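S.K.: generate a structure from the sequence data that follows.
(one chain, ligands or ions: 1)
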Amino acid sequence: MKGGVALLCFEYAAFAYAASEGGSGRPRGVSPEFAKFYKDAGSFACISNPSISIPLARVNDDYCDCPDGSDEPGTSACAHLSPLSPHTPADVPQSGVVNTTLALPGFYCKNKGHVPAYVPFTSVNDGVCDYELCCDGSEEWGGIVKCADKCQEIGKTWREIDAARQKSLGNAGKKRKELVAEAGRLRKQVEDRVQSLGVEIEGGEVKVKQLEQELAEVERKEKGKVVKSGGGEKGGKMGQLVGLAKQRVEELKGALVRVRGERDSTKSRLQELEGVLAAFKEEYNPNFNDEGVKRAVRAWEDYAARDKGPEADAAHDRDLDAMTKSDEENGIDWSSFESEEGSDTDVLYAFENYLPPTVRTWLDQKLRDLRVTLIESGILADSSSSGDESKGVKDAKNRLSTAQKDLEKQKKDLDGQKEDLSKDFGPDGVFRALKGKCVSKDSGEYTYEVCFLDRTTQKPKKGGGNTNMGNFVRVETIFVDEDVPANGKGLGTGERIAMKHENGQHCWNGPNRSTMVVLGCSEENELWKIMEEEKCVYRMEVGTPAVCGEGDAAAKVPQGGKDEL
Ligand code: MAN
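M.R.: Next up, the predicted model:
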């Protein structure tokens, strides 16, 4: 235990000084939070090991009695123990377990006029005024140095900075609300799309079924044909027949026009000749005894007396005119015969046309069914499968394939939208509103960039290709413990939301590049800091209003201090 008279005298003096420190009724260095453990008038039980009890006189006697150091809240006697873990609930005693971790966060400085804070036990009476944490200088109570109370002045500066920070936080909070609202709108759009795709897919499935039936029907009809329509040529055999007829009619029409022309020209020459001979008969001199002339006149008189045959008939000529008109003018539509898709049996055996429509349809169907059955049982050759598909089958197949492709696309789209809805977009889904936004910062020979929910990039300032430092994979929560600079642009201490980026460009002799983007509250989206923690493993600290809120570091940070204080 304790030894030496001199030491005893010092301990007594220290205790006397500490017994009712500052008139608070609490031993020196104890915060209101831990006061309850020091209330007993006679004895003190170590906080984390309540089975160990010591007389109250041994609290702050500069000798470390408790394994958790709780008997020395105002001295540095237990400073050698490990500091309190941020996750250890300090006021929950762990009976039975000998805890060698400090139960207290540090020496408590009241800092009247500023914000109370704990200073590490190692700083108590070390001869240095720790104004950063202990502006009232109370940790240097031993007299090695005299630390004046500077809390009024430090507190004033801090309050000014804090007011600006609070204002900025207020703005950041507003911005976060806007981002959350925007994220909600974006999510709603996806939900609406999921719904409309559901309806479109239902319709698409019905359409595909109908088109499958249509194709089956067209193929079945095709099988039932007796005379198959040729693939390339119009209308198959029937079409060929029609083509020949059309050609022959054209030839005859041409010949008729030509013969009529020759007839008309011969007719006019004949009239001219008859006129010459008639004049000759009238004008010749019968007193000349020319036998040749007399013979010619008699021959003409015989010719003129003979029956001239049928006179030119105007009606007949009109008929000829009509015959030589174009097919369109005559109302002949060859193409309707050429593209005839139905069974040629209909044309060849037109007797069905004399039947009532219902009987005709029934009979036609029966004939087709019979033919299909015969084909399927191998009795009849399948004329439809031996050549190219008909236009009807091709069209039906095209319609079906288009509908199937559309349906596939819609289903893929739906899967993508559903996956998007199941993704973690951070608290309140707020990160959805950051999508497509990028922030960057110069550091060393590179400009670094992070595009939210997309990727991180390293861009050489001297030119050359960019390097992918990782693609966004998920949102994580990590613990950080960092100083926050006076401008508040830092992460502080506590759990922070982070965005993990993996599978970037491969690093020579190393892994694929990856980046952890840790987020802190800030009025604007900004890239604060970049570090390459290991080769090609990067960490970025990024400020964004998206993570501002209750429990955020920036909300509680005293001037240059740690946010847990
Ligand atoms: C580049 C950069 C660095 C990285 C090396 C690894 O220079 O991407 O960050 O460390 O490649 O070779």
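S.K.: for the rest of this, base every contact and every neighbour count on C-alpha atoms.
M.R.: Fine.
S.K.: for Cys451, phi and psi?
M.R.: Phi and psi for Cys451, reported as degrees, to the nearest 10, are phi -110, psi 120.
S.K.: that one: neighbour count?
M.R.: Neighbour count of Cys451, defined by other C-alpha atoms under 10 Å: 17.
S.K.: for it, give its distance to Leu370.
M.R.: Using C-alpha to C-alpha, to the nearest Å, Cys451 is found at 69 Å from Leu370.
S.K.: okay, now the unreliable bits of the stretch 351-500 of the chain?
M.R.: The model of the stretch 351-500 of the chain has pLDDT under 70 over residues 351-355, 381-387.
S.K.: with the chain instead?
M.R.: Low-confidence segments of the chain (pLDDT under 70): 1-24, 84-100, 225-238, 312, 336-355, 381-387, 550-565.
S.K.: how does it look with 50?
M.R.: Applying pLDDT under 50 to the chain flags residues 1-20, 86-97, 226-233, 550-551, 553-565.
S.K.: strands along that one, start to end?
M.R.: Here the chain has its strands, by DSSP state E, at 43-45, 53-55, 107-109, 117-119, 438-443, 446-451, 455-460, 467-481, 493-502, 514-521, 526-534, 537-544.
S.K.: now those strands in TSV, with distance to the ligand?
M.R.: Formatted as TSV, those follow (distance: least, C-alpha to the nearest ligand atom, whole Å):
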stretch	distance to the ligand
strand 43-45	54
strand 53-55	56
strand 107-109	43
strand 117-119	38
strand 438-443	11
strand 446-451	9
strand 455-460	7
strand 467-481	7
strand 493-502	14
strand 514-521	11
strand 526-534	7
strand 537-544	8
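S.K.: name the residues of stretch 30-48 that are buried.
M.R.: By neighbour count on 16 or more other C-alpha atoms under 10 Å, the buried set for stretch 30-48 is Val30, Ser31, Phe34, Phe37, Tyr38, Phe44, Ala45, Cys46, Ile47, Ser48.
S.K.: can I get that stretch as PDB, trimmed to CA atoms?
M.R.: The C-alpha trace of stretch 30-48 is given here as PDB (Å, rounded to 0.1, in the frame of the first residue of the first chain):
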ATOM      1  CA  VAL A  30     -15.800  14.600 -11.100                       C
ATOM      2  CA  SER A  31     -18.500  15.800 -13.500                       C
ATOM      3  CA  PRO A  32     -22.200  16.000 -12.600                       C
ATOM      4  CA  GLU A  33     -22.700  12.900 -14.700                       C
ATOM      5  CA  PHE A  34     -20.600  10.800 -12.400                       C
ATOM      6  CA  ALA A  35     -21.400  12.600  -9.100                       C
ATOM      7  CA  LYS A  36     -23.800   9.800  -8.000                       C
ATOM      8  CA  PHE A  37     -20.800   7.400  -7.500                       C
ATOM      9  CA  TYR A  38     -19.200   9.700  -4.900                       C
ATOM     10  CA  LYS A  39     -22.200  10.400  -2.700                       C
ATOM     11  CA  ASP A  40     -21.600   8.000   0.100                       C
ATOM     12  CA  ALA A  41     -20.200   9.900   3.100                       C
ATOM     13  CA  GLY A  42     -18.000   7.000   4.400                       C
ATOM     14  CA  SER A  43     -16.800   4.900   1.600                       C
ATOM     15  CA  PHE A  44     -16.300   4.700  -2.200                       C
ATOM     16  CA  ALA A  45     -17.000   1.600  -4.400                       C
ATOM     17  CA  CYS A  46     -14.900   1.500  -7.600                       C
ATOM     18  CA  ILE A  47     -17.300   2.300 -10.500                       C
ATOM     19  CA  SER A  48     -16.700  -0.700 -12.700                       C
END
